[in-house]
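In: could you look at this predicted model? Sequence included:
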Amino acid sequence: AFIILFIIDPVLTFTIPILIPPFFIVMKWVGRRLRVLGRQVRRAEVDIVWMAESDIEILPAIKAFAVEGEHRSRYAAAIEKARLLKLKQVGITAFIGPVVALVAAIAAIVILVTGSAQVQDGARSPSEMFAFLFYAALLTRPVGSLADTYGRFQIAKGTLARLEAVFAMRPEPGYDRKRRIERARGAIAIDAVSFAYPGRPAVLTNASLAIAPGETIALTGDNGIGKSTLVNLILRFYQPDQGRITLDGVDISDLQVQDLRRQFGYVPQRPLLAYGSIAENIAFGCPDPDPAAIEKAARLAQAWEFIERLPRGLATEIGDGGVRLSGGQRQRLALARALFRDPPIYIFDEATSMFDLDGETAFIQSCADLLTDRTVIIITHRPASLALADRIIKVTPQGFTVIEQAEEKARR
């Protein structure tokens, strides 16, 4: 179309590019606004989903404190915010078409006025003028489609900004390490380790501790003092700011991270259960588990009694995060999962906090032989669990202090 326009009237043809700068400026402004709005709309939609999931999870607390109205209002406000942002986004997108049409109309008027003067002077025939306008219209139609595509692209770019940030994140270090380990003896050494969460004071400062293979230690201390943080460092969920941690004399940062974590049976403060059956959660990650081993782990964790009472036993579906079970039952399943793996090292982070005294005592008695030749780290304040420990160590801002040895417990 541009070549034919040039053949008909070269001078008039080159007046069309004059309209490109304002067109470009408008598209640039619209694109920037759509990109920002795309991010805001996505964030508002994420907030709505997060708020709904959070409220469903704490629904009993919402009802118990009679705050349904407040949460309903908060959710309605989030929906209204997302609706207004979406309307603004749609309005700007709809603005592109009329702007392109306006620019095309201005161009047509300029051509018509200039061409009319040429027709009156006899320099141009009416048919040539009509052909010029026709091909000019053909030229502007793809530009209009391009503008619409550009608007959609900017919306998508804003929406994908968060995904781009995730893709730009560096993978967790350790998966490419060449040093492998089959089964550890269980010697753990924390050597002058310091660590602080971003923007917060140091949790551990120059802390050192040696744990012998087969030793059971209990960590006590005030809430937030760094006990669970130490566990996260041992499992390499975080990296120390200073110092190092070794397993059997090898720096854990040199070990293949999955090999390292397979050495541990970890029971966190909050049981993390998957959607599925009880058996699938106990044998978590094992494609072809032995039913006898599942039952043995459930018995050791004092979970078998309640499992037997369920209509489908081990095949019972527990729901999302174990929502169909009580807190104590979820904790027993998390314990059974750790015991099923039979690792050389166990980490129990308040693992019996939801047990009654009889259940905790029964668990300790049933696991006493199993834990004899294992390295065990227990985070607890409960006397029954402390009785398992060879050493009781208090965690303080200054480091680790041994407050009781096995010999002292025996004398008492």
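Out: Okay, I see it. Numbering: from 1, shown residues only.
In: strands of the stretch 251-400 of the chain, residue ranges please.
Out: With strands called from DSSP state E, counting those that start in this stretch, the stretch 251-400 of the chain shows them at 264-267, 345-349, 375-379, 391-396, 399-405.
In: got the contact list for the last one?
Out: Residues outside strand 399-405 that contact it (C-beta atoms under 8 Å, 6 or more residues apart in numbering) are 204-209, 220, 389-394. No exception for glycine: its C-beta is placed from N, CA and C like everyone else's.
In: look up which helix or strand the spatially most central residue of the chain falls in, please.
Out: Centroid-nearest residue in the chain: residue 166, 9.5 Å away (criterion: C-alpha atoms, centre = their mean). Taking DSSP states H and E as the definition, residue 166 sits inside helix 161-168.
In: tilt between the following helix or strand past that helix and strand 399-405?
Out: As assigned by DSSP H and E, the chain's next helix or strand after helix 161-168 is strand 188-196. Counting by axes from the mean of the first three to the mean of the last three C-alpha atoms, to 10 degrees, strand 188-196 lies at 140 degrees to strand 399-405.
In: who does strand 188-196 touch, helix- and strand-wise?
Out: Here strand 188-196 touches strand 202-211, helix 227-234, strand 242-247, going by 3 or more C-beta pairs under 8 Å, 6 or more residues apart in numbering; DSSP states H and E.
In: the residue lying closest to residue 357 once chain neighbours are set aside: what's it in contact with?
Out: Nearest residue to residue 357 in three dimensions, chain neighbours excluded: residue 384, at 6.8 Å (C-beta to C-beta, 6 or more residues apart in numbering). Counting by C-beta under 8 Å, 6+ apart, residue 384 makes contact with 352, 357, 360-361, 364.
In: closest one to residue 64 among the strands of the stretch 251-400 of the chain?
Out: For those, proximity to residue 64 was assessed by C-beta to C-beta; strand 345-349 is nearest, at 27.1 Å.
In: so what are the sheet partners of the closest one and their directions?
Out: Next to strand 345-349 in the sheet, as set by DSSP bridges, lie strand 264-267 (parallel), strand 375-379 (parallel).
In: distance between the shortest one and the chain's centre?
Out: By that I understand strand 264-267. Using C-alpha atoms, centre = their mean, to the nearest Å, the mean C-alpha position of strand 264-267 is found 21 Å from that of the whole chain.
In: which residues touch it?
Out: Taking C-beta under 8 Å, 6+ apart as the rule, strand 264-267 contacts 231, 234-235, 331, 334-335, 337-339, 341-343, 345-349, 351.
In: show me which of those residues are buried.
Out: Neighbour-count burial (16 or more other C-beta atoms under 10 Å) applied to the contacts of strand 264-267 gives 231, 234-235, 331, 334-335, 337-339, 341, 343, 345-349, 351.
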